[in-house]
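This is the structure alone, sequence omitted:
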Ligand code: GRF
């Protein structure tokens, strides 16, 4: 059975959706570790409640970003982690880290990439006045919000939306599609050709 880690920094609603999907058997791999960039993350309470070990690596405790990532990698290898799921992790992974887990790191971003990259993608789409935004699940490479796209789901922005109502709809989509993407990944059903990701072995057995 594969073992994976979820990286968090905040509320952890996506972590919760992943925990629930593991409990339902939708995700078969073992969620073996939660890694947080801060001890303030509510996600840590969710992990504790579900009996999942967690570790906090705060960049402030290290001399530089590379050394925190080196330390995290040491722990991940000790825990025999096969792949990583970023779920609201507010740190940019160093190229060193990405190389260690090349094409084995997934991220979810609250916009239709490449629009509205960065830490405030949801709010940026809303304040920009976009009519449609959405959710992107993608592989992580060495650039910010740039890796090959696994899933994209559009979410319309309604005239009477507030940031909160939009956020709620975005989260609903995230909580559905992230476990689906993880399930495909763990079964090796995501085939990557350049920037394109194909889902293999569907009902017809074709790409
Ligand atoms: C989500 O909107 C995700 O797309 C983004 O960060 C947010 C995390 O939310 N990367 P939560 O902590 O999972 O509730």
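Here it is on my side, so go on. Small disclaimer: the values here were computed from a predicted structure and weren't measured.

what about the residue of the chain found nearest the ligand, neighbour count?
At 2.7 Å from the ligand, residue 88 is the closest residue in the chain, using CB to the nearest ligand atom. Using the backbone N, CA and C atoms, a C-beta is placed for each residue, glycine as well. By other CB atoms under 10 Å, 23 other residues sit near residue 88.

Three-state assignment for it, please.
Assigned with DSSP: H, G, I helix; E, B strand; the rest coil, residue 88 falls in the coil class.

Now do the contacts for the nearest residue to it once chain neighbours are set aside.
Distances taken as CB to CB, 6 or more residues apart in numbering put residue 10 closest to residue 88, at 4.9 Å, once the chain neighbours are dropped. Residue 10 is in contact with 41, 42, 43, 88, 90, counting by CB atoms under 8 Å, 6 or more residues apart in numbering.

Find the pair from these with maximum spatial separation.
42 and 90 (13.5 Å; CB to CB).

Roughly how far does the nearest residue in space to residue 149 that is not next to it in sequence sit from residue 41?
Closest residue to residue 149 apart from its sequence neighbours, by CB to CB, 6+ apart: residue 138 at 4.8 Å. Distance, residue 138 to residue 41, by CB to CB, to the nearest Å: 22 Å.

Repeat that for residue 32.
For residue 32, the distance to residue 41 - CB to CB - is 18 Å.

can you check residue 127 too?
According to CB to CB, residue 127 stands 25 Å off from residue 41.

Those two: which has the busier surroundings?
Legend: neighbour count by other CB under 10 Å for residue 127 and residue 41, higher for residue 41 (23 against 11).

Hmm, the more buried one is touching residue 8, no?
Yes. Using CB atoms under 8 Å, residue 41 is in contact with residue 8, at 5.4 Å.

The ligand contacts on the chain?
10, 11, 12, 13, 14, 15, 87, 88, 108, 109, 110, 174 (CB under 6 Å from any ligand atom).

got the residues you listed as CSV, with secondary structure columns?
Output for those, formatted as CSV (three-state DSSP):
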residue, secondary structure
10, coil
11, coil
12, coil
13, helix
14, helix
15, helix
87, coil
88, coil
108, strand
109, strand
110, coil
174, helix
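
Most neighbours among those, which one?
Neighbour counts for those, by other CB under 10 Å, peak at residue 15, which reaches 29 neighbours.

Run through the residues that contact that residue.
Contact partners of residue 15, counting by CB under 8 Å, 6+ apart, are 6, 8, 34, 43, 46, 47, 87, 88.

how about the residues you listed, which pair is most distant?
47 and 88 (13.1 Å).

Can you report phi and psi for residue 133?
Main-chain torsions, residue 133, degrees, to the nearest 10: phi -130, psi -150.
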